[in-house]
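Colleague: Turn this into a model:
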Amino acid sequence: MGKKISGNVKWVRIIASIIAVQSSTFGQDNLIELNRVAAKVNDDIVTWGEIQRAMEQLNFTNNEKKARASEFVDGKVDRLLAIYAFKEKGMAIPDSYIDQEFNKRMIKDYNGDRRLFRNYLRSRGQTENEFRDDIREEIIYQHMLSTRRRLKEDISPARVEEYYKKNSFKFKTSAKVRIREIVLKPIADEPLTVLFQQAKKISEEIKDGKKFEDIARATGQSVYREKGGDWGVLISEREIRSDEIRKQAFSLKEGQFSEPFKVDLLERMRDGSVVKSGKSAVYLIQIAERESSGLQPLENLRSEIETMISREVESEAQRKWLTNVKEDAYVRINPP
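Modeller: Here you go, the predicted model:
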C-alpha cells in the first residue's frame, strides 16, 4: 500500500514482517534476522539489529521485545524524519559539539575509562563512530522537537482550576502514620510467652505515665532503638510490608499505643523479594503522628498543575509536528 504526498522527504518504507531464523534475539520461537531491514527513510536503512540494541538498553524480556518491536521501529522512523527535516533547513551540528558531548558522557557514564567504554561498545556490537552518530541523532531530534513546541502560554487560574477538578484523583493523598516501636525478639529458644509477659509489663509502665520513646531507647532490639523506636517518616498502608503492623497502626489514633502483638519477621532475599523468615517477635507500637487522607488544597498545587498543563501542551505540539512531517513522505507498508 503506497501513499504519495508532496514534500521534500522522499519516501519511507517500513517493513512490518518478522521472520523466524536461528538467532537469540527475541527468544527461540519467534526470532528475527538482525540484518533484515526494518525501515528505510530516503537513503537511511534501519535494521532489526539496531532495534534490538535499543531495546537491550532497557533490559526488556523477550516477550516485551516481541510486543514492543513495532513501537521502536516507529520511534526510529520519527527520528530519521526529524533528521531529514533538520538537514533540509541547511542546518548541521559541528563535530566539535559532538566531541564535547562525547567527552561529557565518557566522564559521566564511564569515569573517563576508555577501556570500560570499549567493553560496553563491544557488548552491544557497536563502533565508536556509531556511538557518536547516536549522539548526533539524539541532539538533532531533541532540537527539532523543542523548536516545534509551543511557547509556554499564560495559563489562567480558571484553566488550572478546571484541570484540578477533572483530575482530582491525581491529587488525593492516602492516610499516613509515623510509628514508634518496641521490639522484643527471642534469645535462643526463648518462648514468645515470656516476651508477651515482658511486653505487658512495659505496657503497664506506659499506662502509668512513662514515655513510650524513653522505654524504647532502653528496651528491646528495634533498629530504631536509639531514636526512641521512631521510624522517622510518615508512611501509608501500602508501604508497610508487615500485615500485623499495618493492621495495628491504622487502628490507632495519634498518641495511642497498641497492646503487645506477635509479628512474623520478614527478610529480603538475594533477588530482592521479601519473604517470611520463619521467626517471630513481640511488638508494641505507638502512633507518633497521623495524617488523614483527602484532596490536597488547590493553592498548594497551582505551580505543579501549571507545569503539568504546559507539558501536555508541549507533548501535543510535538505529536502534531511529527504527524505533519510523516504526511510529507511517501509511506509504503508491507504486511507480514
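
Colleague: OK, contacts around residue 175?
Modeller: Counting by Cβ atoms under 8 Å, 6 or more residues apart in numbering, residue 175 touches 236, 237, 250, 290, 291, 292, 293. C-beta here means a position set from N, CA and C on the backbone, and glycine is covered the same way.

Colleague: Among those, which one has the most neighbours?
Modeller: When neighbours are counted by other Cβ atoms under 10 Å, residue 290 leads the contacts of residue 175 with 17 neighbours.

Colleague: From the contact counts, what lies against the helix or strand where it lies?
Modeller: Secondary-structure assignment from DSSP states H and E places residue 290 in strand 274-291. Strand 274-291 sits against strand 176-184, helix 192-207, helix 243-249, strand 261-268, with contacts defined as 3 or more Cβ pairs under 8 Å, 6 or more residues apart in numbering; DSSP states H and E.

Colleague: right, and the helix or strand after it?
Modeller: strand 294-295.

Colleague: That following strand pairs with which strands?
Modeller: Note on strand 294-295: by DSSP bridges, its sheet partners are strand 172-173 (antiparallel).

Colleague: hmm, who's touching the partner strand?
Modeller: With contact meaning Cβ under 8 Å, 6+ apart, strand 172-173 is reached by 291, 293, 294, 295, 296.

Colleague: For the residues you listed, give me TSV that also has distance to residue 193 and pLDDT.
Modeller: Converted to TSV, the contacts of strand 172-173 look like this (distance: Cβ to Cβ, whole Å; pLDDT from 0 to 100):
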residue	distance to residue 193	pLDDT
291	36	91
293	38	89
294	42	90
295	47	91
296	47	89
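
Colleague: on that earlier part again, what is the nearest of the contacts of residue 175 to residue 210?
Modeller: In terms of Cβ to Cβ, no member of these lies closer to residue 210 than residue 290, at 21.7 Å.

Colleague: does the closest one really touch residue 254, like I thought?
Modeller: Yes: under the criterion of Cβ atoms under 8 Å, residue 290 makes contact with residue 254 at 4.1 Å.

Colleague: hang on, the earlier thing: would you format the contacts of residue 175 as TSV with distance to residue 162 included?
Modeller: TSV is the format used below for these (distance: Cβ to Cβ, whole Å):
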residue	distance to residue 162
236	29
237	31
250	34
290	33
291	28
292	26
293	24
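
Colleague: picking up where we left off before, quick one: which of the helices and strands packed on strand 274-291 is nearest residue 310?
Modeller: Ranking the helices and strands packed on strand 274-291 by proximity to residue 310 (Cβ to Cβ) places strand 176-184 first, at 29.5 Å.

Colleague: which SSE is residue 190 in?
Modeller: Applying DSSP H and E, one finds residue 190 in no helix or strand.

Colleague: burial of it, as a residue count?
Modeller: 12.

Colleague: tell me the phi and psi of it?
Modeller: phi -60, psi 130 (degrees, to the nearest 10).

Colleague: now it: how far from residue 66?
Modeller: 55 Å (Cβ to Cβ, to the nearest Å).

Colleague: Specify the residue ranges that define each domain of this structure.
Modeller: Using automatic domain parsing, the domain parsing of the chain gives 2-91+313-334, 175-292.

Colleague: If you average pLDDT over each of the ones you listed, which is lowest?
Modeller: The minimum mean pLDDT among the domains of the chain belongs to domain 2-91+313-334 (a mean of 61).

Colleague: which stretches of the stretch 51-200 of the chain form helices?
Modeller: 62-88, 95-110, 114-124, 128-148, 157-166, 192-207 (DSSP state H, counting those that start in this stretch).

Colleague: List the buried residues in the first one.
Modeller: Across helix 62-88, burial judged by 16 or more other Cβ atoms under 10 Å covers 62, 65-66, 69, 72-73, 76-86.

Colleague: How about the third one?
Modeller: Within helix 114-124, the residues that qualify as buried by neighbour count (16+ other Cβ under 10 Å) are residue 117.

Colleague: Next: the fifth one.
Modeller: Within helix 157-166, the residues that qualify as buried are 160, 163, 164, counting by 16+ other Cβ under 10 Å.

Colleague: can you tell me how far the second one sits from residue 98?
Modeller: In other words, residue 163. As judged by Cβ to Cβ, residue 163 and residue 98 stand 40 Å apart.

Colleague: How about the first one?
Modeller: Distance of residue 160 to residue 98, given as Cβ to Cβ: 41 Å.

Colleague: right, and residue 213 touches residue 226 too?
Modeller: No: Residue 213 lies out of contact with residue 226 (Cβ under 8 Å); the separation is 10.8 Å.

Colleague: ok, those two, which is more surrounded?
Modeller: In this view residue 213 and residue 226 are compared by other Cβ under 10 Å, and residue 213 has more residues nearby, 17 against 10.

Colleague: Could you find the closest non-adjacent residue to the more buried one?
Modeller: residue 228 (3.0 Å; Cβ to Cβ, 6 or more residues apart in numbering).

Colleague: In contact with the one you found, which residues?
Modeller: Neighbour list for residue 228: 180, 212, 213, 214, 216, 217 [criterion: Cβ under 8 Å, 6+ apart].

Colleague: The last one is in contact with residue 225, isn't it?
Modeller: Yes: A contact is recorded between residue 217 and residue 225 when judged using Cβ under 8 Å, the distance being 6.2 Å.

Colleague: Residue 240: how many residues sit nearby?
Modeller: Number of residues near residue 240 (other Cβ under 10 Å) recorded here: 18.
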